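Asker: All I have is the shape, not the residue letters:
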């Protein structure tokens, strides 16, 4: 293991022993995360709850150190070649964004897409990163063999809500352009309007604006989900809310009382 430092994060280059993760209670049975940790550092990120349970930083330190699984594509190839593999759907990006900035350098997600397609394994991707359009070519190739879905996460078009709650992400309009380019390339693309933030992004006009923009960009569908402030997420989110939206703190403490 060794380290690469950037102005935003420390990249820890660490090989992995396993690529696929068994999942329970979700519409899919397997997940794949080429990185651990996320420089997007969204204030509402549910992964903070997992980090807390694993006794890792879930506060403002989260996203300052990113694990780069340098050999993940090789390990994935071996796992997909097992006789026991039944070619079930793999969800890419459930615990980290597979197209966060380090993907531009390390290209691990791109390599994993190639392995999944060669093994005739359907997959889905969820991302806030417009970098996904770089991989239109491999996504088209994969779509010719297996079911492929890309979800672009877009909770709001409101500039202030975006800047304060998703500080490390690309602007909403950049993500809409990614939707447009994926759709134009024939990729099955959806928009994830999630999480919906009470008092911040839940006004009917704000929600309608996202749906209309997603439709105009060519998204096949839009799905949504409410905010879930688990322990580890709740503490950090309320601290950020106190800083950026102090008038909303009382509402959130009432709405999410008893979940600490």
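Answerer: Received the coordinates, thanks. Predicted model, so just to flag it, every value in this text is computed and none were measured. Numbering: from 1, shown residues only.
Asker: got any ranges where the chain has weak pLDDT?
Answerer: The chain contains residues with pLDDT under 70 at 1-8, 47-63, 258-260.
Asker: residues in contact with the longest strand along it?
Answerer: In the chain, taking DSSP state E as the definition, the longest strand is strand 188-196. Identification of contacts with strand 188-196 by C-beta atoms under 8 Å, 6 or more residues apart in numbering yields 44, 126, 143, 147-155, 179, 182-183, 202, 207, 210-211, 214, 217-228. All C-beta atoms are positioned from the backbone trio N, CA, C, and that covers glycine.
Asker: Would you write a ChimeraX line that selects the buried entries of these?
Answerer: Of the contacts of strand 188-196, the buried ones can be selected in ChimeraX as follows, counting by 16 or more other C-beta atoms under 10 Å:
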select :44,126,143,148,149,150,151,152,153,154,155,179,182,183,207,210,214,217,218,219,222,227
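Asker: quick one: which of the contacts of strand 188-196 sit in helices?
Answerer: Among the contacts of strand 188-196, DSSP state H puts 143, 179, 182, 183, 207, 210, 211, 214, 217 in helices.
Asker: Please, where are all the strands along the stretch 1-150 of the chain?
Answerer: Per DSSP state E, counting those that start in this stretch, the stretch 1-150 of the chain carries strands over the ranges 2-5, 10-13, 20-22, 30-32, 35-36, 65-68, 90-92, 123-127, 148-153.
Asker: right, and those - which one's nearest residue 109?
Answerer: Taking C-beta to C-beta, strand 90-92 is the member of these nearest to residue 109, at 6.8 Å.
Asker: What is the closest one packed up against?
Answerer: Counting contacts by 3 or more C-beta pairs under 8 Å, 6 or more residues apart in numbering; DSSP states H and E, strand 90-92 packs against strand 30-32, helix 108-118, strand 123-127.
Asker: relative orientation of the second one and strand 148-153 in degrees?
Answerer: Orientation check (axes from the mean of the first three to the mean of the last three C-alpha atoms, to 10 degrees): helix 108-118 against strand 148-153 gives 150 degrees.
Asker: quick one: buried residues of helix 108-118?
Answerer: For helix 108-118, the neighbour count (16+ other C-beta under 10 Å) marks 108, 109, 110, 111, 112, 113, 114, 115, 116, 117 as buried.
Asker: OK, contacts around the third one?
Answerer: So that's residue 110. Applying C-beta under 8 Å, 6+ apart to residue 110 gives the contacts 103, 134, 135, 138.
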